[in-house]
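sequence-free structure coming up:
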């Protein structure tokens, strides 16, 4: 048994996505530069010799799941006209190729989903040259998450904006799922997974969006796990800069839905802030630990001084009431090795 204490990496590392390949763990996320809408001109990238080739998205590596080192930036920057805001990267591995899904845009508008490829987990990843969704029909799409079902079919979950409020739903950012025709092409825009319905999911009251004023709500950061015969779509709700931000989930009998997150009316059920210790835990991924059995939820959280978001991890627990988490924790935790 070994121990760790959150956060497991001291640098700024938001929206963490962790995966394992050939016994090595990798983490990719939104770095400090990306969060500020900048490109770090000093950030190195493995396999890139020219200093004129700027790269984005910090990449970490760990050989034991506990100690993480920065190894460079992953993505060769695409056309600068696409924007300076790079958010929430995730990686999927299929038939010998690594696919990096991400969004890029200009602050809170004109954000598009894109994909880049590499032959190695460390990259560099090169953009394929086309968006996954037409920006004219979907001007704001973020947080892509690729999920492979048991039959080998891949799906892409993501978040986009909705302005209607029929049937008790709230205007704001919410979740979608679409089938991937290939790893770089969506079959269509897909179907709605979940819409915001609860007060704790409010991002901002009286927010000016699309030329109107809305009571804006947010569901984002989808992460899907199949447990038993059911599909669980974890997501983060609320405002990422506040203590009301946390992780909840919807559940469905089919990967394309319908999903229900009934039961969360009083707040997120998987991760939530702990006053005086952890603020705004969210935007999670899920990975098996070194023992090959224990599932861990990997997420970011603010320190008490709100200076940065850091990568944290805690055990994911499956109960008769649905998935729960031991965290967020801030004291030493044990972890089982191989």
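Sure, I can see it. Remember, it's a predicted structure, so these values are computed and weren't measured experimentally.

Mind pulling the model confidence for residue 338?
The model reports residue 338 with a pLDDT of 69.

Partner strands of the longest strand seen in the chain and their direction?
Secondary structure of the chain read by DSSP state E shows that its longest strand is strand 212-227. When pairing is defined by DSSP bridges, strand 212-227 lines up against strand 172-182 (parallel), strand 202-209 (antiparallel), strand 230-237 (antiparallel).

Flag every buried residue along the first one.
This points to strand 172-182. 172-180 (16 or more other C-beta atoms under 10 Å). Yep, even glycine has a C-beta here, placed from its N, CA and C like the rest.

what do you get for the last one?
Neighbour-count burial for strand 230-237 flags 231-237 (criterion: 16+ other C-beta under 10 Å).

How about the second one?
Residues of strand 202-209 classed as buried: 202-203, 207, 209 (neighbour count, 16+ other C-beta under 10 Å).

avg pLDDT for that strand?
In the prediction, strand 202-209 has an average pLDDT of 96.

And the contacts of that strand?
The contact list for strand 202-209 (C-beta atoms under 8 Å, 6 or more residues apart in numbering) reads 108, 161, 163, 170-173, 196, 213-218, 238-239, 244.

And for the last one?
Identification of contacts with strand 230-237 by C-beta under 8 Å, 6+ apart yields 157, 175, 177, 193-194, 196, 198, 200-201, 217-226, 245-255, 259, 268, 270, 282-284, 286, 297, 322-323.

Tell me which of the residues you listed fall in strands.
Short answer: the contacts of strand 230-237 in strands (DSSP E) are 157, 175, 177, 193-194, 217-226, 246-252, 282-284, 286, 297, 322-323.

among those, which ones are buried?
Buried among those by 16+ other C-beta under 10 Å: 157, 175, 177, 193-194, 217-225, 246-252, 282-284, 286, 297, 322-323.

Which pLDDT value goes with residue 39?
pLDDT, read off for residue 39, is 82.

got the contact list for the nearest residue to it once chain neighbours are set aside?
Nearest residue to residue 39, sequence neighbours excluded (C-beta to C-beta, 6 or more residues apart in numbering): residue 54, at 5.2 Å. Contact analysis of residue 54 by C-beta under 8 Å, 6+ apart lists 39-41, 43, 76-77.

circling back: with respect to residue 292, which of the buried residues of strand 230-237 is nearest?
Nearest to residue 292 among these is residue 232, at 20.2 Å by C-beta to C-beta.

Looking at strand pairing, list the partners for the closest one.
The partner residues for residue 232, given DSSP bridges, come to residue 225, residue 251.

what about it, distance to residue 139?
In this view, residue 232 and residue 139 are 29 Å apart by C-beta to C-beta, to the nearest Å.

need the contact list for residue 97.
Neighbours of residue 97 in contact, by C-beta under 8 Å, 6+ apart: 117-119, 183.

go with 6 Å
Counting by C-beta atoms under 6 Å, 6 or more residues apart in numbering, residue 97 touches residue 117.
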